[in-house]
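Engineer: Only the shape, not the letters, is given here:
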């Protein structure tokens, strides 16, 4: 005989469960759309001006198996060119193209077939042919497991390209024009450009690529640093940051610019070393003129008023220190959380503590009833340890920016499992660490999802995993899955992880070798639901498209 609970006793439990579910899936608003950014599934680095790595496109869902060569398409594109790929808006015939490049070439591919439609060569440096790229990868695979000989081989290609890292932060505007940072290599002069590429015939995806215009950034603005990243303000201007903490805004025709120099950074004597950068990450832009910059010691909101850049609190600007125990500062691009009018609007980073913590700051006005977290300024809204390991003596930093969906944030570990041989140079060490991901026993392990509770105004760990995610992941809101390049049994995989539970939904085995090493690059959901990644150490892109491409 069924037991009938009294309605008044049962109802509070129903309400409690409902409220808990509402909290878990709170903040349905995706990142605010910037009307000056291309109408595209992925028009810029990290997907949107808020740098959330969120996609509204449905992606692959399995089932798990090893893929055949015919289900994995490799397109060689040259060093540093494919770290990020962006999709254009639709042309009149309904097609899209993929824009990539920024080093020895800018290239345009058919977004469906991956046919190379047009190539623009810079002509100012070595052009890497398909044969040279294949030889590089083959030698890297032959040297796998040899230690320093492997790293020396990688350095020959990558160290000259260190100044190409900023080309990762390219974007496509609403005119289907591509903005790319560029610095010539092999010259004694330090010249830096913001270049704009587009179609020779705006309505024809197969037309030639042309250099529409460029701005040679005055060296007097940059000082001893170099330009590090770009983004787009909500009113359609380009925001820029340099490695030495200079923030700029320039209109898209390059007729007028503004600049603001962030306060000088005090570096403790024990942390001073050649190659240390004040700013080594990208920047986030919100829908209210806020430009978010993390230096090696502080988090800043620089306010673009439409007429000037300001740190004045009257204009909306602010700054806040954060822990920097190791001295490298944050390794993450600031990432925005909360977009609706009634939502908590936060900006997230991983700090510089010996074992990284999530630090979130109130983006706008601090709530009047907010009491400071002990040891932090009132600007800090929440903190949470990101525990990739239980070994409290191990150095753990976050170099992959958090990916954000609603009030959830996922951090993947990019710290190699074993200590990489000392390269006696900051840039060489960073390159060696990324190259090690494809080497036996070095793949990073661990991922943590944090959840903001708007009722308690705290972060809580939602789940943790010991899986391997050696690269920048993305989350599909439509599929409710995180997509990452992973490692299993010495082979690279595509991992599909349930956003709510952290459980593996599926994995595809791709293969072994350097070709699938993201090298700090990113994973995207393509317009047709396939998964694209800037693999091969940025030397090309890989499309993962099983014969059965059912979507969740």
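Structural biologist: Looks like it arrived, so ask away. Worth saying up front: this structure is predicted, and the values here are computed from it rather than measured.

Engineer: shaky segments in the chain?
Structural biologist: Residues of the chain meeting the criterion pLDDT under 70: 1-28, 162-165, 185-189, 264-277, 390-395, 537, 548-552.

Engineer: who touches stretch 498-505?
Structural biologist: 24, 61-62, 405, 408, 410, 447, 449, 462-465, 467, 475, 480-482, 495-497 (C-beta atoms under 8 Å, 6 or more residues apart in numbering). In short, each C-beta sits where N, CA and C put it, glycine included.

Engineer: What residues of that stretch count as buried?
Structural biologist: For stretch 498-505, the neighbour count (16 or more other C-beta atoms under 10 Å) marks 499, 502, 504-505 as buried.

Engineer: out of the residues you listed, who's nearest residue 48?
Structural biologist: Ranked by distance to residue 48 (C-beta to C-beta), these are led by residue 499 at 17.4 Å.

Engineer: Now do the closest one against residue 339, distance only.
Structural biologist: Distance of residue 499 to residue 339, given as C-beta to C-beta, to the nearest Å: 18 Å.

Engineer: next one: residue 202
Structural biologist: 31 Å.

Engineer: try residue 448
Structural biologist: Taking C-beta to C-beta, one finds residue 448 at 23 Å from residue 339.

Engineer: So which of those two has more stuff around it?
Structural biologist: Neighbour count, other C-beta atoms under 10 Å: between residue 448 and residue 339, residue 448 has more, with 24 against 20.

Engineer: What residues of the host helix or strand of that one count as buried?
Structural biologist: Under the criterion of DSSP states H and E, residue 448 resides in strand 447-453. Along strand 447-453, these residues count as buried under the neighbour rule (16+ other C-beta under 10 Å): 447-452.

Engineer: From the contact counts, what lies against it?
Structural biologist: strand 408-412, strand 458-465 (3 or more C-beta pairs under 8 Å, 6 or more residues apart in numbering; DSSP states H and E).

Engineer: Measure how the first one sits relative to strand 458-465, angle-wise.
Structural biologist: So the one you mean is strand 408-412. With axes from the mean of the first three to the mean of the last three C-alpha atoms, to 10 degrees applied, the angle from strand 408-412 to strand 458-465 works out at 50 degrees.

Engineer: what lines up beside strand 408-412 in the sheet?
Structural biologist: When pairing is defined by DSSP bridges, strand 408-412 lines up against strand 403-405 (antiparallel), strand 447-453 (antiparallel).

Engineer: Serialize the ones you listed to CSV and add fields for distance to residue 142.
Structural biologist: Output for the strands paired with strand 408-412, formatted as CSV (distance: least, C-beta to C-beta, whole Å):
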stretch, distance to residue 142
strand 403-405, 35
strand 447-453, 31
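
Engineer: Which among the ones you listed is found nearest to residue 151?
Structural biologist: Closest among these, once you apply C-beta to C-beta, is strand 447-453, at 26.1 Å.

Engineer: Could you check how many residues crowd around the residue nearest to residue 253 when sequence neighbours are not counted?
Structural biologist: Take residue 253 and drop its neighbours on the chain: the residue closest to it by C-beta to C-beta, 6 or more residues apart in numbering is residue 213, 7.3 Å away. Applying other C-beta under 10 Å, we find 14 residues neighbouring residue 213.

Engineer: now residue 384
Structural biologist: 19.

Engineer: Quick check: it vs residue 149, distance?
Structural biologist: For residue 384, the distance to residue 149 - C-beta to C-beta - is 41 Å.

Engineer: so residue 358, which of the three states?
Structural biologist: strand (DSSP: H, G, I helix; E, B strand; the rest coil).

Engineer: Apart from its neighbours in sequence, what residue is nearest it?
Structural biologist: residue 384 (4.6 Å).

Engineer: List the residues that contact that neighbour.
Structural biologist: 357-358, 450, 459-461.

Engineer: what does whatever helix or strand residue 215 lives in contact?
Structural biologist: Using DSSP H and E, residue 215 sits within strand 209-216. Strand 209-216 is contacted from outside by 106-108, 118-120, 177, 182, 191-200, 250, 253-254, using C-beta under 8 Å, 6+ apart.
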